[in-house]
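1. Build me a model:
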Amino acid sequence: MRFSAGVWRTGGGGRYALGMIERASAWTLPRAWTGLLLAAPLALLLAVSAVRAAAPVPPTAPAAPVAPAAPVAPVAPVAPPAQATAEPGRQALATPVFSLTLDPSVQPGPYSGRLYVVLVATNGRDAQREPRLSMGNWFNGPQVLARDVEGLAPGTPATLDAGSLSFPAALSAVPPGRYHVQAVARRSPDSPKPGQGPGDAHSAVATVTLPLSEPLALSLDKVVAPPQFPETQSIRLVEVQSRLLTEFHGRPITIRAGVSLPEGHTGDGSARYPAVYFLTGFGGDHRGVANTARSFRSAAAAPGPDGSPAVGAPPMIFVVPDPLCFQGHSVFADSANNGPWARALVEELIPEVERRFAGPITGPDAGRHRYLTGVSSGGWASLWLQLTHPDFFGGVWSHVPDPVDFRDFQRIDLYADGANMYRDAQGERRPLARRQGQVSIYYQDFVSQETVLGPGGQIGSFEAVFSPRGADGRPVPLFDRATGRVDPEVAKAWERYDINLLVQRQWATLGPKVAGKIRVYAGEVDSFYLEGAAAKLKETMARLGSDAVIEVVPGMGHAIAPAGVLDMLRTIAANPPVAGPAPPIGGGAGR
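-> Model (predicted):
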C-alpha cells in the first residue's frame, strides 16, 4: 500500500497525517526518529500507469488502478488561456463539455490511449498545483473525466462530456464554481502516473466558472520531461538496461536505483561495505534515496525512542531501487504480467550496484552482508525476496507489509465461498482505509477511482503481480468490477504469492535457510487493515517453531517501527564484511 505522511506531532506517541500513519508507537519520538518516519515516506511513494502512443486501446471496464501522486514541488497554475463561464444572456450547458486537441508539434501522428480532463476547485487544497499533479490522490482526489480514443489525428477534437468516465462524481453533479482545468494524454509506456510520466502530453491550465455556456477548448501542446536525479559525491544514480525485462516486453527496459554512500567511502575498491536495500511503499521510487538514507542515519545517531543509547550508523551502502512499472509497483516479484522483476533485481541491478561501490557481491559470505528492509508494498516485497532468495540476502526488516496471508486481505478471505470485495457477509460496505478509527475509503469507491484513471493503481497492481495473464494480454481480474464478486479460480492462482502458504509449503527446506533472518513489524491499528494478515503469519511461524520475529505493535498505525530500525542497525554493526578488496569500481554495462 501507499506510505506517506505530512505534519507529524511528536510526544505521546505522535499521530498520523493524511490518515496514513495512525500512531508511531507508545514512545515519545525524538526529532531524529520523527525525521525517519517522515522524510523516508515523503520522498518515496505513489503511482499510475501509462498507455503507449499508437498502441491499441484496452477496454475500460476492468481497468487497472491508479496510485497516489508522487511528491512534486507545488506548481502555480499556468495563466489560463481562456476565462470561460456562462455569460449573461446565454443559456448554460446542462453539463460541461470539453473539446481536446493534440497539437501536431507534440503528437505528429495518430494517437491511441486515454484522455483526461482534471478539475480542481480554485479554493481547494490543491489549487496551487497543476491539476494533473493531483490525479490519483486516494483521500482527496480531484474531479477526473476520462475517455479512450483510437487513431485520433492531431488537431482533431475529442469530446469529454457526461458520457465519459467520471470520478468522484458524475459530471452532472459537479457543483457550480471556479475551477482550474487541465487536459492530459497518457503516452508513457512505463510510468504508472497519468500526467506525470515522461512523454505524457498536457494542456496549459485554464481557470473557468461552471456552468459553462459553450464547450471549453483545451489544446495539449506540452510534454512532461523526464524527472531529474541530481547526483553528488555521496548520492549516485545507477541505471542498467535489463536484458531480462527487455526480452519479456520486447522493448528496452531500464532499471535503476538511487545509492547513498557512507561518509569516508573510498571510491577505489580497497574496502567492502554491507548493503541495505530499502524498498519503497506504493508509488515511491529511487529519487527519495537522499532523504531516506539521511533519516536512517540520523535515527542511528539519536537515543532510541525508549531512551536507550544511540546505536550509531555502521558504514553501509544504502540503496533504494525504483520499483515502478506500467502496472504500478512491481514488488520485485517475477510475474506473468510484469515480467521477471525479481531476477532483474538480483541478477542485474544489485550486482552492478555492488560492483561499482564495493558492496558485498564477492566471496562466499556475500549474502550475509546484504540486507532488505521496506515499508508497506515495499514491506511485502522485502519479505518476499528474503523468502524466495534466502541465501542471497542476510536478513529482512519488513514494516507494515501488504497482506501476507490472503485469508485476511484487508479483512477479506479471498478463498472463502462467495467472497466479495465490496460487501461483507452482512451486506455492509467493506472499508479499505481508516483515519483515527473512522472509515475514510470504501473498497468500491477506491476501485471506481482506479477504473477512471486506468492501469497503475494499487488494486490493479496486485492483479498484475498475482494474477495469470489473460488471453487479451492483460492481468485476469480477481473480482467483478461491477459486483465485487471474487473469481475463485483466480483466487486459487493467487496462492502462489500467499506468503503464509509459501512458508507452510516450503518450510522443510526453507526454514533452515531463513533462521535468524525474518523480522516483521505490523501496526495494531494499521490505516489499511493489514495487521490481521501479519497476526496469522505470526501464528504459523510459532507453530512451525521458527525464530522469526513478527510483532503487531500496540497503538502503531501504518508506520516504520523504530524498534525494527534499531535492530537492523545493531545487526549490521555486529556483522562487518571480511576485510579485503572488492573488484575495481567503474566501467560495466550500467550507468
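2. Check whether residue 371 really touches residue 392, as I assumed.
-> No - under the criterion of Cβ atoms under 8 Å, residue 371 is not in contact with residue 392, lying 11.1 Å apart. Bear in mind the C-beta positions are built from the backbone N, C-alpha and C, glycine included.
3. between those two, who's got more neighbours?
-> residue 371 (25 against 16; other Cβ atoms under 10 Å).
4. tell me which element that one falls in.
-> Taking DSSP states H and E as the criterion, residue 371 maps to strand 370-375.
5. Can you list the strands that that strand pairs with?
-> With DSSP bridges as the test, strand 370-375 is paired with strand 275-279 (parallel), strand 396-399 (parallel).
6. For that strand, output the C-alpha coordinates as CSV.
-> Output of strand 370-375 as CSV, limited to C-alpha atoms (Å, rounded to 0.1, in the frame of the first residue of the first chain):
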residue,chain,number,x,y,z
ARG,A,370,23.2,-7.9,2.0
TYR,A,371,20.1,-6.8,3.8
LEU,A,372,16.5,-5.9,3.0
THR,A,373,14.0,-3.5,4.5
GLY,A,374,10.9,-1.9,3.3
VAL,A,375,7.6,-0.4,4.2
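7. okay, the angle between the next helix or strand after it and strand 275-279?
-> Where DSSP H and E defines the elements, the next helix or strand beyond strand 370-375 is helix 377-388. Per axes from the mean of the first three to the mean of the last three Cα atoms, to 10 degrees, the angle that helix 377-388 makes with strand 275-279 is 130 degrees.
8. right, and the strands paired with strand 370-375 - which one's nearest residue 346?
-> Nearest of the strands paired with strand 370-375 to residue 346, taken as Cβ to Cβ: strand 275-279 at 10.3 Å.
9. Could you tell me how far the closest one lies from the centre of the chain?
-> Relative to its chain's centre, strand 275-279 lies at 16 Å (Cα atoms, centre = their mean, to the nearest Å).
10. can you check stretch 458-477 too?
-> That offset, for stretch 458-477, works out to 17 Å (Cα atoms, centre = their mean).
11. for that stretch, what is the average pLDDT?
-> Across stretch 458-477, pLDDT averages out at 98.
12. and if you look at stretch 350-362?
-> Mean pLDDT, stretch 350-362: 87.
13. do stretch 263-276 as well
-> 84.
14. what's the answer for stretch 495-510, then?
-> On average, stretch 495-510 scores 98.
15. ok, now stretch 145-160?
-> 98.
16. Excluding its own residues, what touches that stretch? List them.
-> Stretch 145-160 is contacted by residues 56-58, 60, 97-104, 107-119, 164-166, 171, 215, 217, 452-454 when judged by Cβ atoms under 8 Å, 6 or more residues apart in numbering.
17. could you redo the last one with a cut-off of 6 Å?
-> Defining contact as Cβ atoms under 6 Å, 6 or more residues apart in numbering, one finds that stretch 145-160 is touched by 57, 60, 98-102, 104, 107, 110-112, 114-117, 164-166, 452.
18. just checking, which of these belong to helices?
-> The helices, defined by DSSP state H, take in residue 452 from the contacts of stretch 145-160.
19. If any of the contacts of stretch 145-160 are buried, put those into a ChimeraX selection.
-> Buried members of the contacts of stretch 145-160, defined by 16 or more other Cβ atoms under 10 Å, are picked up in ChimeraX with:
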select :98,99,100,101,102,107,111,112,114,115,116,117,164,165,166,452
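20. Can you dump the C-alpha atoms of stretch 208-224 in CSV for me?
-> Output in CSV follows, covering the C-alpha atoms of stretch 208-224 (Å, rounded to 0.1, in the frame of the first residue of the first chain):
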residue,chain,number,x,y,z
VAL,A,208,-13.2,28.5,-15.6
THR,A,209,-16.5,29.0,-13.9
LEU,A,210,-19.1,26.3,-14.1
PRO,A,211,-21.7,26.1,-15.6
LEU,A,212,-20.2,26.7,-19.0
SER,A,213,-22.1,28.4,-21.8
GLU,A,214,-20.1,26.7,-24.5
PRO,A,215,-17.6,23.8,-24.8
LEU,A,216,-14.2,24.6,-23.4
ALA,A,217,-11.4,24.0,-25.9
LEU,A,218,-8.1,22.6,-24.5
SER,A,219,-5.0,22.2,-26.6
LEU,A,220,-2.5,19.6,-25.5
ASP,A,221,0.7,21.3,-26.5
LYS,A,222,3.1,20.5,-23.7
VAL,A,223,5.1,17.4,-22.8
VAL,A,224,6.2,16.0,-19.5
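21. how close does residue 555 sit to residue 400?
-> 13 Å (Cβ to Cβ, to the nearest Å).
22. hang on, residue 367 in a helix?
-> Yes - the assignment for residue 367 is a helix, going by DSSP: H, G, I helix; E, B strand; the rest coil.
23. wait, isn't it in contact with residue 391?
-> Yes - because the distance of 5.3 Å satisfies Cβ atoms under 6 Å, residue 367 is recorded as touching residue 391.
24. quick one: which of the two has more around it?
-> Between residue 367 and residue 391, residue 367 has the larger neighbour count (other Cβ under 10 Å), namely 19 against 10.
25. tell me the contacts of that one?
-> When contacts are counted by Cβ under 6 Å, 6+ apart, residue 367 touches 391, 392, 394.
26. What of residue 530?
-> Applying Cβ under 6 Å, 6+ apart to residue 530 gives the contacts residue 400.
27. all strands for the stretch 251-400 of the chain, in order.
-> Using DSSP state E, counting those that start in this stretch, the strands found in the stretch 251-400 of the chain span residues 254-260, 275-279, 317-321, 324-325, 328-329, 334-335, 339-340, 370-375, 396-399.
28. likewise the stretch 401-550 of the chain?
-> For the stretch 401-550 of the chain, the strands defined by DSSP E, counting those that start in this stretch cover 431-435, 438-442, 518-523, 549-553.
29. Indicate which one of these is closest to residue 255.
-> The closest of the strands of the stretch 401-550 of the chain to residue 255 is strand 518-523. By Cβ to Cβ, the value is 26.1 Å.
30. unless I'm mixing things up, residue 118 is touching residue 143, no?
-> No - counting by Cβ under 6 Å, residue 118 sits too far from residue 143 to count as a contact (7.2 Å).
31. who's more crowded, these two?
-> residue 118 (28 against 22).
32. That one - nearest residue in space that isn't next to it in sequence?
-> Counting by Cβ to Cβ, 6 or more residues apart in numbering, residue 118 lies nearest to residue 131, which is 3.8 Å off, once chain neighbours are set aside.
33. show me what contacts that neighbour?
-> Per Cβ under 6 Å, 6+ apart, neighbours of residue 131: 118, 120, 142, 180, 182.
34. So which bits of the host helix or strand of the last one are buried?
-> What that stands for is residue 182. Residue 182 belongs to strand 177-185 when assigned by DSSP H and E. Counting neighbours by 16+ other Cβ under 10 Å, one finds that the buried residues in strand 177-185 are 179, 180, 181, 182, 183, 184, 185.
35. Which one of the residues you listed is nearest to residue 277?
-> In terms of Cβ to Cβ, no member of the buried residues of strand 177-185 lies closer to residue 277 than residue 184, at 33.4 Å.
36. how near is that closest one to residue 161?
-> Going from residue 184 to residue 161 by Cβ to Cβ gives 16 Å.
37. do residue 522 as well
-> Plainly put, residue 522 is 46 Å away from residue 161 if you go by Cβ to Cβ.
38. same deal with residue 274?
-> If you go by Cβ to Cβ, the gap between residue 274 and residue 161 works out to 58 Å.
39. higher neighbour count, these two?
-> Comparing residue 274 with residue 161 by other Cβ under 10 Å, the one with more neighbours is residue 274, at 23 against 19.
40. give the contact list for the more buried one.
-> Counting by Cβ under 6 Å, 6+ apart, residue 274 touches 316, 369, 572, 577.
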